[in-house]
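> Prediction below, plus the sequence it came from.
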Amino acid sequence: MRQKRAKAYKRLMHAYCVTFGFRQPYQVLLDAAFCESIARSGIDVEKQLETVLQGNCKPMITQCCISELYALGPSGQHVVDMAKNFERRKCNHREAIPGDECLTSVVGTTNPHRYIISTQSEPLRNHLRSNVPAVPVMHVKRGVTVMEPMSEVTKEKKESMETQSLAPPPSSIPAPPPPTASTSTDPTSKSTAPPPKKKPSGPKAPNPLSVKKKKVVAPPPTAGKGKGKESVKRKRDEEVEVTKKKAEEKKDEEDDGEGPLKVNIIGGDGEAGGEAGEGAGGRKKKRRRKRGKTVAGAGAAEEAEGEGSGEDSE
């Protein structure tokens with residue numbers, strides 16, 4: 001089967017399933033002429049029906065159609081053997097009637113059991129197409145099983161069912177309020193109720209995601225908190241002043257004592273630097289004086305020796 005035809009059949013069966021409640025396995029009723037044509041072409045019936053319907057199916061046949069196959073005689077024995085493998089559908093006819101009338105009575109006017117009819121009878125197909133909605137019809141044409149498109153009666157039934165499903169139920173529609181003395185029945189009379197206010201049309205607020213966030217201002221400190229902070233600051237200042245005073249006193253004691261003198265190598269302008277410079281300069285002068293005295297004493301001794309040697313030579 002061609003892909004285009006297979007898609008059309010699948011779409012058609014989906015519409016039957018959604019709207020009319022068809023379900024798998026599909027119940028397929030076959031008549032005697034359809035069984036004879038299928039047997040003549042040598043096609044596997046169940047496989048062919050599943051290919052056309054795009055799903056699992058259940059071939060069925062009535063007792064009246066089986067009796068028509070028995071009437072064929074020995075030449076139709078292979079068709080009878082094939083039909084015996086199908087499921088037997090009870091038609092409740094005590095005496096056998098023609099196959100078209102039997103299938104018409106089984107389907108009824110609304111097809112409550114959701115049968116799919118496979119027949120070669122043209123009058124039966126016309127009757128089902130024009131009078132009974134929701135009945136898929138199949139037949140064999142040139143050795144190929146074909147399913148007919150949806151009939152007009154079926155389309156009308158489908159549209160009416162869709163409109164009913166979309167419309168609200170009558171119980172949910174509220175009843176109109178009863179007329180009162182204040183409401184007048186005259187349509188020309190003007191109502192005293194004010195007209196509804198229109199919403200103001202103007203510039204809308206900006207996008208909150210594109211607006212810069214406002215800075216949060218910290219609240220002013222309370223009286224209790226301010227006093228605590230000031231007391232802590234005062235304590236810190238007092239401690240710093242005490243440490244400064246102690247450091248200054250230590251410096252004064254070191255300058256007045258006989259400890260080692262600190263020389264300001266960098267040459268600072270402070271008082272400590274000047275005092276240290278003066279102490280170092282005094283020491284250097286004393287050393288120079290001592291050296292000068294020793295040099296002078298050595299020179300006098302040499303002169304005395306020189307004079308004594310001169311006298312001896314004379």
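It's in. Numbering: from 1, shown residues only.

> remind me which residues of this structure are low pLDDT?
1, 169-175, 179-192, 221-230, 255-288, 290-314 (pLDDT under 70).

> Domain boundaries for it, per the record?
3-158, 258-298 (automatic domain parsing).

> Give the burial count for Ala6, as a bare number.
Ala6: 13 surrounding residues under other Cβ atoms under 10 Å. The C-beta positions use only the backbone N, C-alpha and C, and glycine is treated the same way.

> Give the closest residue to it in space, chain neighbours not counted.
In this structure, Ala6 finds its nearest non-sequential neighbour in Gln54, 7.0 Å apart by Cβ to Cβ, 6 or more residues apart in numbering.

> Report how many residues lie close to the one you found.
Neighbourhood size, Gln54 [other Cβ under 10 Å]: 18.

> ok, now Leu29?
Counted with other Cβ under 10 Å, Leu29 comes out at 25.

> Check which residues of stretch 111-124 are buried.
Asn111, Arg114, Tyr115, Ile116, Ile117, Ser118, Thr119, Gln120, Ser121, Leu124 (16 or more other Cβ atoms under 10 Å).

> Off-centre distance for stretch 33-42?
Per Cα atoms, centre = their mean, to the nearest Å, the displacement of stretch 33-42 from the mean C-alpha position of its chain is 56 Å.

> before we move on, what about stretch 101-118?
49 Å.

> which residues are contacting it?
20-23, 26-31, 34, 49, 53, 57, 60, 62, 64-65, 89, 91, 93, 119, 124, 127-128, 131-139, 145 (Cβ atoms under 8 Å, 6 or more residues apart in numbering).

> Now restrict the residues you listed to buried residues only.
20, 22, 26-31, 34, 49, 53, 57, 60, 62, 64-65, 89, 91, 119, 124, 127-128, 132-139, 145.

> Out of those residues, list just those in helices.
Among those, the members found in helices (DSSP state H) are Phe20, Phe34, Leu49, Leu53, Cys64, Cys65, Leu124, His127, Leu128.

> which residues does the second one contact?
Looking back up the chat, that one is Phe34. Going by Cβ under 8 Å, 6+ apart, Phe34 touches Ser118, Thr119, Gln120, His139, Val140.

> tell me, what residue is most central in the chain?
Centroid-nearest residue in the chain, with Cα atoms, centre = their mean: Leu209, separated by 21.2 Å.

> Is Lys215 in a helix, a strand, or coil?
coil (DSSP: H, G, I helix; E, B strand; the rest coil).

> Setting aside sequence neighbours, what's the nearest residue to Gly55?
Nearest one to Gly55, counting by Cβ to Cβ, 6+ apart, is Gln24 at 4.6 Å.

> close enough to count as contact, the one you found and Asn56?
Yes. The criterion here is Cβ atoms under 8 Å, and Gln24 meets it with Asn56 at 4.7 Å.

> quick revisit: pull the most distant pair out of the buried residues of stretch 111-124.
Arg114 and Gln120 (21.7 Å; Cβ to Cβ).

> Closest to Val242 out of the ones in helices among the buried ones among the contacts of stretch 101-118?
Phe20 (103.9 Å).

> now the strands: where do they sit in the stretch 1-150 of the chain?
26-30, 57-62, 87-89, 115-118, 137-141, 144-147 (DSSP state E, counting those that start in this stretch).

> just to revisit the earlier point, so which of the contacts of Phe34 comes closest to Lys245?
Ser118 (121.0 Å).

> So that closest one versus Ala218, what's the distance?
Distance, Ser118 to Ala218, using Cβ to Cβ, to the nearest Å: 88 Å.

> ok, back up a step: out of the ones in helices among the buried ones among the contacts of stretch 101-118, what pair is the most spread apart?
Largest separation among those by Cβ to Cβ: Phe20 and Cys64, giving 25.7 Å.

> In CSV: the ones in helices among the buried ones among the contacts of stretch 101-118, plus distance to Lys250.
Output for those, formatted as CSV (distance: Cβ to Cβ, whole Å):
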residue, distance to Lys250
Phe20, 112
Phe34, 127
Leu49, 117
Leu53, 113
Cys64, 134
Cys65, 131
Leu124, 130
His127, 130
Leu128, 125
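
> which ones are touching Tyr26?
Met13, Leu49, Leu53, Gly55, Asn56, Cys57, Lys58, Ile116.

> Name the nearest residue to it, sequence neighbours excluded.
Cys57 (4.5 Å).

> my read: the one you found touches Phe22, true?
No. Using Cβ under 8 Å, Cys57 is not in contact with Phe22; the gap is 11.0 Å.

> Thr154 is in contact with Ala134, correct?
Yes. Under the criterion of Cβ under 8 Å, Ala134 makes contact with Thr154 at 5.6 Å.
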